[in-house]
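S.K.: Give me coordinates for this.
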Amino acid sequence: HPAYLHGGYQAAAGEPLELFGAAIKPAADLVPGTQITRQQALRSSVRDHVLQTAHTLYAADARSPVLIEMLLTLHQLHPRHLPTLLLLACAYFSSGQADKSLEYNAKILEIDPKYVEAMSNIGTTLRSMGYAAEAEERWWAAIRLSPGYWDAVENLLGVLCGSGGGSGSAGGGAAKPRYSEALQLCEFVDSRLCTSREPLRYSVAGKQLPRLQSLLYSAGNLRLALGDVPGARREYEKAADVALGGAMRLQDAVVRIAQAGADTQQPLDYNALPLTMLAPDAAARVLHVLFPATHGVLPGFAALAPAALTQANHVAANLLLALAKLHQDHAAVARPLTVVLPLYYAAHALAPSPSTCNNLGIILSAIPSAPTPTRVPSVQGGTQAAQAPMGAALALQYYTHGLRLDARHPHLYTNLGSLLKDLGYAHEAVHMYRRAIELRPSFDVALANLGNAVKDMGAVQEAVTYYVRAARVSPDFVEA
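M.R.: Next comes the predicted model:
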């Protein structure tokens, strides 16, 4: 239910009002769950104070029978007070009384036919009763009246994408995703909320920007699923621009990251950037370099509370990774590593993850570069001095950094083993492969790689056992 905004309550002088612990009064005269009389609750300020308490109780125990009694009494005293009706409908829904929830939401719409919260809640209630098509109609009605009413948008999008179940009436079977309809929803909301395409602006409050970002990210995923790769790229870039809050466009951010990597303030051309080679700790600081005024927080998210910021950063990181993968995998929107790597670095800075470190390690290990001193893991524990190409040296750092984030990540162990084998550290490579299959005994690639490594060390019969295990797991695994 929507948060109910209330002013602070102060009792009139000489008339202290208490919710609990006051002198005992006849129960029939009191608002249930309080020591406030019905006569006192006729005043709007007292009503709001009781409603505030009801919200607190709802958050603690939405099924409390006292909650419904309290709200019914308030409704009797203030029959046209919509926030009371709204919370009462929510309380009935939470207590499993869907019909009563529908009844009180309908009362809201009798008073105010454009009350979108009630429309959306009716949709949610109908959905819970199995009436998906009717629920969608209610959500669409709310969205047409208020395209920025995110509860309705997200509920409808979830159903259309298949995560909400079937689209028929009660008793219908599971639904297939309806991506085209879901995309139409995203386009509708985008077109109604966007006030300017160049520069990109939306009529969305700062604290709601993460929900807009998620909508545009979903639109990109939908376009990709429907085969529109250039359209997916545009949606991902719009979502990133929303997170940047108008401070710069995504292309500008990529250029700035390249400048930071090259340690230059000279203007750089987005289409002719130098290759940016950053270690994990330097990559983690790139947003602090770009946005010192917000201490590395994306400007679009500067107003968010910590928990909301963490969630928004994860979505932003995922969409940057999706865009980077798009540039790598699809010729229609292909970009060189000079663009792809800054996207990975920004994602790493927003939400460090083992998988991002793994992907960066794979990319960097394949970049030809001059030798540099580094350190590699030792089978005895610790590290040992070594020489490796710069790209491989950085890949080692990302693999080991990823393992600090998740010491049980089999792909990191496998790729680290392959890199060590390429650098001539066969025993260390075998150690990493063994660790990978300890964590995932059915990991076919690790099994085959371990077979290759021990075969090269002369243990042919042992290698055969690993090849057989890999082939049993994946009969079509040609290498095994």
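
S.K.: Quick one: the strands in this structure, in order.
M.R.: Secondary structure of the chain (DSSP state E): strands located at 194-197, 200-202, 371-377, 383-389.

S.K.: Number of residues surrounding residue 30?
M.R.: By the criterion of other CB atoms under 10 Å, residue 30 has 19 neighbours. Heads up, the C-betas are built off the backbone N, CA and C, glycines and all.

S.K.: So what sits opposite it in the bridge?
M.R.: Counting by DSSP bridges, residue 30 forms beta bridges with residue 37.

S.K.: mind listing what it touches?
M.R.: Neighbouring residues of residue 30 by CB atoms under 8 Å, 6 or more residues apart in numbering: 36, 37, 38.

S.K.: which residues sit in contact with residue 278?
M.R.: Contacts for residue 278 were tallied using CB under 8 Å, 6+ apart; they are 261, 286, 341, 345, 394.

S.K.: Would you confirm that the last one contacts residue 277?
M.R.: Read that as residue 394. Yes - judged on CB atoms under 8 Å, residue 394 makes contact with residue 277 at a distance of 6.0 Å.

S.K.: And those two? Which one has more around it.
M.R.: More neighbours surround residue 394 than the other of residue 394 and residue 277, with 26 against 16 (other CB under 10 Å).

S.K.: In the stretch 301-450 of the chain, where is pLDDT below threshold?
M.R.: Counting by pLDDT under 70, the stretch 301-450 of the chain contains no low-confidence residues.

S.K.: picking up where we left off before, select, out of the strands of the chain, the one closest to residue 104.
M.R.: Evaluated with CB to CB, these place strand 200-202 nearest to residue 104, the distance being 33.4 Å.

S.K.: So what are the sheet partners of the closest one and their directions?
M.R.: Looking at strand 200-202 with DSSP bridges, its partner strands are strand 194-197 (antiparallel).

S.K.: buried sites along the helix ranked longest in the chain?
M.R.: Of all the segments of type helix in the chain, defined by DSSP state H, the longest one is helix 306-329. Within helix 306-329, the residues scored as buried using 16 or more other CB atoms under 10 Å are 309, 312-313, 315-324, 326-328.

S.K.: Tell me the spacing between residue 374 and residue 402.
M.R.: Summarising the geometry, the distance separating residue 374 from residue 402, computed by CB to CB, to the nearest Å, is 16 Å.

S.K.: These two - which one has more neighbours?
M.R.: Just comparing residue 374 and residue 402: by other CB under 10 Å the higher neighbour count belongs to residue 402, 27 against 19.

S.K.: Go ahead and confirm the more buried one touches residue 409.
M.R.: Yes - in this structure, residue 402 sits in contact with residue 409. The criterion is CB under 8 Å, and the distance is 6.3 Å.

S.K.: Mutual contacts of those two, please.
M.R.: Common neighbours of residue 402 and residue 409, counting by CB under 8 Å, 6+ apart, are 354, 358.

S.K.: Spatially nearest residue to residue 262 (excluding sequence neighbours)?
M.R.: Nearest residue to residue 262, sequence neighbours excluded (CB to CB, 6 or more residues apart in numbering): residue 274, at 5.3 Å.

S.K.: still on that earlier bit, of the buried residues of helix 306-329, closest to residue 232?
M.R.: Scanning the buried residues of helix 306-329 for proximity to residue 232, where the rule is CB to CB, the winner is residue 326, at 6.3 Å.

S.K.: show me what contacts that closest one?
M.R.: If you count contacts by CB under 8 Å, 6+ apart, residue 326 has them with 224, 229, 232, 233, 236, 333.

S.K.: do residue 374 as well
M.R.: If a contact means CB under 8 Å, 6+ apart, then residue 374 has 385, 386, 387, 388, 392, 393, 396 as its contacts.

S.K.: again, only using 10 Å
M.R.: If a contact means CB atoms under 10 Å, 6 or more residues apart in numbering, then residue 374 has 383, 385-390, 392-397, 423 as its contacts.

S.K.: could you flag which of these are buried?
M.R.: When burial is judged by neighbour count using 16+ other CB under 10 Å, the buried members of the contacts of residue 374 are 386, 388, 389, 390, 392, 393, 394, 395, 396, 397, 423.

S.K.: In contact with the fourth one: list those residues for me.
M.R.: Each residue near residue 390 by CB under 10 Å, 6+ apart is listed here: 277, 364, 367, 368, 369, 370, 371, 372, 374.

S.K.: burial count for the fourth one?
M.R.: As a burial measure, the neighbour count of residue 368 was computed by other CB under 10 Å and equals 8.

S.K.: So it sits against residue 391, correct?
M.R.: Yes - counting by CB atoms under 10 Å, a contact exists between residue 368 and residue 391, whose distance comes to 7.2 Å.

S.K.: anything in contact with each of those two?
M.R.: For the pair residue 368 and residue 391, no residue contacts each of them under the criterion CB under 10 Å, 6+ apart.

S.K.: Out of the strands of the chain, which gets nearest to residue 413?
M.R.: Of those, the one closest to residue 413 (CB to CB) turns out to be strand 371-377, at 10.3 Å.

S.K.: what's near enough to touch the residue positioned nearest the centre of the chain?
M.R.: The C-alpha lying nearest the average C-alpha coordinate of the chain belongs to residue 315 (CA atoms, centre = their mean; 3.8 Å). Contacts were defined as CB under 10 Å, 6+ apart; by that measure residue 315 touches 210, 211, 213, 214, 216, 217, 218, 239, 243, 350, 351.

S.K.: Thanks a lot, see you next time.
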